[in-house]
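In: turn this into a model:
(one chain, ligands or ions: 2)
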Amino acid sequence: MSDMWAHVGCAAAAALEERGTWMRDDAVAAETAADVRREILDCFEQGLLTQSGNKLAVRTSDGHRGGIVQKKPHVYEADVIVDGLVQCPEVLEKCPVLSALLAQEMQLRKMFNLATSSWLQLDRLEQAKVQVNSGSGGAFPCHFDLPASSDARRVLTVLLYLNPDWTEGDGGEVEIFPFPFADSCVPPLDRRLVAFSSCTTLHRVRPFHGAAGRVCINLWFEGEAQIPFPAPLRASASYDEQVVKVVRILRQQPPELRAFCKVWYSDLLAQSLRDAFEASEALEAALDLHSAERQAVESRIAPATLRLLREFLPLEDVAIEVEDCAGYCHTGLEIVNEDLNEEAAEMADLFDGSVLQKCVKDNSQVLINCRNNRKILARVKAFDRHSNMVLENVRQGEGDLVISVLGTRDGDATKQMKNGRLPFCAREMWTETPSLSCR
Ligand SMILES: O=C(O)CCC(=O)C(=O)O
Ligand SMILES: [Fe+2]
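Out: Ligands and ions are numbered 1, 2, ... in the order given. Now for the predicted structure:
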């Protein structure tokens, strides 16, 4: 079967690392999208989707934290895969194109794994849901996509939108809060794919008022992130040092980050609850608990820290540009050119130098992923039979660190860098890669 998911390249890795979120358009073919939308809407019309509900956190009469399930008006859904297993065969039987797309989830996973050179390792599709917001204001409150079971290893949420008629004013945008960066409000355009870190990315869906149903497929992947995800924020001349420190601490402890979001996005959070649910005692109880929890968290934060963050946030994005990157170098020697197909790239005998040769010949830019998951962008000018490389136009996140990780042939790396030219010995990197042996 030919590929159904569009390519996930190194731009995704950089965005996920820096912001914890990434988006691309034209993620599936137009015909596939139209078929899948039709299938899901048919299921909706036949009553196979049920009204979506959320457990609202409230304080119970005995003073404990409890949950009351509240339905979300105008939002319908069916979990078609739960805990890796088919859940609603009656829906999937009616949706052959959707089934084919889901059957290829491994392709999507492998592309993410390859693009991130496995600092993000997606092991399986844990859960999949089809969803229709039928208009009249259907919305989702601010939330994290925490899994229902505490031993699930959910790491990545992928949303695919199938809305060819969406227009400005319809609402239904997914609003993402990639702390410490600015909020982004993403229209649910047809064939748009949005991916983000499940447990650390706060998001909500704005009320949808369009005439045609808003269709969305949700995929949740399990796996391992070898670094906090999103990664410890790169230091940058444009970021305040203290702010970077605070963000790093929060990113290293997802429960703390989630608690902090209650303070940082407090008003938005309350408003999103009002947007998504009808007025009720349960809703008021949830708003009361939110307010109490926000105060409790805020009392644990030094006022000076909050003042600092208020002064410097949101940070401006200074992620490394990777759009024009022609190649990708994994931890170790493997370099995967984007224009090679995945399998060929994985199989390529890199020690014969053919990929490196091509990079030199084309003067193509490669993204080199170091063992510590920092990345440098460079052009390969030359290499020897040990694959020592001479790089030009090196751009990097954290200079000294990268250089010391790679190990330079010439001790005076800083001076070399000033000339924009950095010879280094990549060998140290390769010996770490068990599947490759140096000759
Ligand atoms: O409909 C969307 O855009 C996202 C829905 C969502 O966030 C969820 O189901 O967890
Ligand atoms: Fe969500």
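In: what is whichever strand or helix holds residue 18 packed up against?
Out: Assigned by DSSP states H and E, residue 18 falls within helix 10-19. Secondary-structure packing of helix 10-19 (3 or more CB pairs under 8 Å, 6 or more residues apart in numbering; DSSP states H and E): strand 21-24, helix 105-115, strand 193-197, strand 365-369, strand 375-383. C-betas here are computed from N, CA, C, even on glycine.
In: ranking these by mean pLDDT, which is last?
Out: Ranked by mean pLDDT, the helices and strands packed on helix 10-19 end with strand 365-369 at the bottom, a mean of 54.
In: model confidence over stretch 117-126, on average?
Out: The average pLDDT for stretch 117-126 rounds to 91.
In: tell me which residues in it are buried?
Out: Using 16 or more other CB atoms under 10 Å as the test for burial, stretch 117-126 gives 117-122, 125-126.
In: which one of those residues sits closest to residue 244?
Out: Of all those, residue 244 sits closest to residue 119, with 19.6 Å by CB to CB.
In: so the closest one makes contact with residue 224?
Out: No. Assessed by CB atoms under 8 Å, residue 119 is found out of contact with residue 224, at 9.2 Å.
In: spell out which parts of the stretch 101-250 of the chain neighbour ligand 1.
Out: Taking CB under 6 Å from any ligand atom as the contact definition, the stretch 101-250 of the chain meets ligand 1 at 131, 140, 145, 159, 174, 203, 205, 216, 218.
In: format those as JSON lines; extra columns: secondary structure.
Out: Formatted as JSON lines, these follow (DSSP: H, G, I helix; E, B strand; the rest coil):
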{"residue": "131", "secondary structure": "strand"}
{"residue": "140", "secondary structure": "strand"}
{"residue": "145", "secondary structure": "coil"}
{"residue": "159", "secondary structure": "strand"}
{"residue": "174", "secondary structure": "strand"}
{"residue": "203", "secondary structure": "strand"}
{"residue": "205", "secondary structure": "strand"}
{"residue": "216", "secondary structure": "strand"}
{"residue": "218", "secondary structure": "strand"}
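In: compare those residues and tell me which is most surrounded.
Out: residue 205 (27 neighbours; other CB atoms under 10 Å).
In: which one is whichever residue of the stretch 301-439 of the chain sits closest to ligand 1 nearest to, not counting chain neighbours?
Out: Using CB to the nearest ligand atom, the single residue of the stretch 301-439 of the chain nearest to ligand 1 is residue 314, 21.3 Å away. Sequence neighbours aside, residue 182 is the residue nearest to residue 314 in space, at 4.0 Å (criterion: CB to CB, 6 or more residues apart in numbering).
In: residues near that neighbour, how many?
Out: Residue 182 - counted by other CB under 10 Å - has 15 other residues nearby.
In: over to residue 361?
Out: Residues near residue 361, counting by other CB under 10 Å: 9.
In: what's the longest helix seen in the chain in contact with?
Out: Criterion DSSP state H: the longest helix present in the chain is helix 281-298. Residues from elsewhere that reach helix 281-298, judged by CB atoms under 8 Å, 6 or more residues apart in numbering: 56-59, 65, 68, 70, 259-260, 262-263, 266, 269-270, 273-274, 277, 306.
In: what is the orientation angle of the helix holding residue 18 with helix 105-115?
Out: Computed with axes from the mean of the first three to the mean of the last three CA atoms, to 10 degrees, the direction of helix 10-19 lies at 70 degrees from that of helix 105-115.
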